[in-house]
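K.L.:
sequence unknown, structure follows:
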């Protein structure tokens, strides 16, 4: 994968993550968290847009990619399909994807000097997202009633996280760094019994993708016009 | 191309366009970076305070409207600069106007209340009522105010005071 392909793959993941996270703006844990989720979701969407743009995709190409691409051409991370209706699961997948995104963006900065300044924005926002999810993990671990839930959620999310990083020999070291950092951070939470991440390849298409893009495309009516208006 | 006089009028009109949410001009907010002219028309360069700013399309349409009023025949090309916006991009006039509106630019560690100038302030969350703001409370006068968020200083606030719930 070249750096443009890596940026586009990450942008796809961020776009989907935004969509799966956004229901928590109304199905909320508390008001402050609802506001935070609203901001994090918007930031994920914008980060995806920046990455598409930096990879050279025009507005029309981005639009076609989201709204016209067939399910078999979608190749998104397994964590995109992680349960999103249970808060500890959302926290666990949010934390792991933010860590992966931050590491990928830092690597892209090294290989794309001309766009490094723009990637700083994405990287710093991901750092704040990571801190946000990290605080939630710590909070859920403190309470005996929620400790088991968040531990299980992290364990399950890690099992699905092996395809978050780019594939190919060029990214072996990056993958090792990510796996080590994830292991270290999980141990930092006092969770030594959680599984190690195991590298895997992404699977294209399938019924889960079809359902996902059907939901995403609900924003447009059959004529291609927006189903919603803000102003 | 426009003559110097007409181009000057257009630049002045664009400089008066305000942010959709806060009564501060885009120029004073540091969002309006430049207005230049070429054979292809007038080129306006903007830099959003946040890349996810939901007011971007409104800003573009407001600029297009004033341009259409001043020089309806001229092509206007509006572009977004993806370089990071910084609090230092805000003019003194902009800082003063934001402060009156209860919005400050200081880094969290150097925060003071815009109403009573006390340093006894508390950052309540990393995220606020809109994407560009983080909420603060003044421990002296009790006022709530916002900090305009930038990516310059990432200083997460602990959410450990939240009560975990068993049922989600």
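P.N.:
Nice, thanks for sending it over. If you're wondering where the values come from, they're calculated on a predicted model, not measured in any experiment.

K.L.:
any residues touching the lengthiest helix in chain B, and which ones?
P.N.:
Secondary structure assigned by DSSP state H gives helix B:56-70 as the longest helix of chain B. Outside of helix B:56-70, the residues within contact range by C-beta atoms under 8 Å, 6 or more residues apart in numbering or on different chains are A:231, B:6, B:9-10, B:13-14, B:16-20, B:26, B:31, B:42, B:44, B:46, B:48, B:74, B:76, B:78, B:80. For glycine as for every other residue, the C-beta is placed from the backbone atoms N, C-alpha and C.

K.L.:
try 10 Å this time
P.N.:
Here helix B:56-70 makes contact (C-beta atoms under 10 Å, 6 or more residues apart in numbering or on different chains) with A:46, A:230-231, B:2, B:6-7, B:9-21, B:26, B:29, B:31-32, B:35, B:41-42, B:44, B:46, B:48, B:50, B:53, B:55, B:74-76, B:78-80.

K.L.:
those residues in strands, which ones?
P.N.:
B:32, B:35, B:41-42, B:44, B:46, B:76, B:78-80 (DSSP state E).

K.L.:
which one (most neighbours) among the residues you listed?
P.N.:
Tallying neighbours with other C-beta atoms under 10 Å in any protein chain shown puts residue B:44 at the head of these, with 25 neighbours.

K.L.:
from the chain's centre, how far out does the least confident helix or strand in chain A by mean pLDDT sit?
P.N.:
Using mean pLDDT, DSSP states H and E, helix A:207-216 stands out as the lowest-scoring helix or strand of chain A, at a mean of 89. Its chain's C-alpha centre and that of helix A:207-216 lie 16 Å apart, by C-alpha atoms, centre = their mean, to the nearest Å.

K.L.:
hmm, that helix in reach of chain B?
P.N.:
No: using C-beta under 10 Å from any C-beta of the partner chain, helix A:207-216 never reaches chain B; the gap is at least 17.9 Å.

K.L.:
pull out the buried positions in that helix.
P.N.:
Residues of helix A:207-216 classed as buried: A:209, A:212-213, A:216 (neighbour count, 16 or more other C-beta atoms under 10 Å in any protein chain shown).

K.L.:
which residues of chain B score low on pLDDT?
P.N.:
Applying pLDDT under 70 to chain B flags the ranges B:151-168.

K.L.:
circling back to that earlier point, narrow the contacts of helix B:56-70 to those that are buried.
P.N.:
For the contacts of helix B:56-70, buried by 16+ other C-beta under 10 Å: A:46, B:2, B:7, B:10-11, B:13-14, B:17-20, B:26, B:29, B:31-32, B:35, B:41-42, B:44, B:46, B:48, B:50, B:53, B:55, B:74, B:76, B:78, B:80.

K.L.:
my guess is residue B:55 meets residue B:21, correct?
P.N.:
Yes: using C-beta atoms under 10 Å, residue B:55 is in contact with residue B:21, at 6.1 Å.

K.L.:
now list whatever residues contact both of those two.
P.N.:
Counting by C-beta under 10 Å, 6+ apart, the contacts common to residue B:55 and residue B:21 are B:130, B:132.

K.L.:
that older thread, and of the ones in strands among the contacts of helix B:56-70, the nearest to chain A?
P.N.:
Proximity to chain A was ranked across the ones in strands among the contacts of helix B:56-70 by C-beta to the nearest C-beta; first place goes to residue B:80, at 9.3 Å.

K.L.:
run through the bridge partners of the closest residue to the closest one other than its chain neighbours.
P.N.:
Sequence neighbours aside, residue B:46 is the residue nearest to residue B:80 in space, at 5.5 Å (criterion: C-beta to C-beta, 6 or more residues apart in numbering or on different chains). Here residue B:46 shows beta-bridge partners residue B:32, residue B:80, assigned using DSSP bridges.

K.L.:
contact partners for residue B:46?
P.N.:
B:26, B:30-34, B:53, B:56, B:59-60, B:63, B:78-81, B:85.

K.L.:
and those, which two are furthest apart?
P.N.:
Pairwise distances among the contacts of residue B:46 were taken by C-beta to C-beta; the largest, 18.4 Å, belongs to B:34 and B:53.

K.L.:
buried sites along the helix or strand where residue A:60 lies?
P.N.:
Here residue A:60, judged by DSSP states H and E, is contained in helix A:59-67. Neighbour-count burial for helix A:59-67, counted by 16+ other C-beta under 10 Å, picks out A:62, A:65-66.

K.L.:
quick one: that helix to chain centroid distance?
P.N.:
19 Å.

K.L.:
cool, stretch A:179-194 as well?
P.N.:
19 Å.
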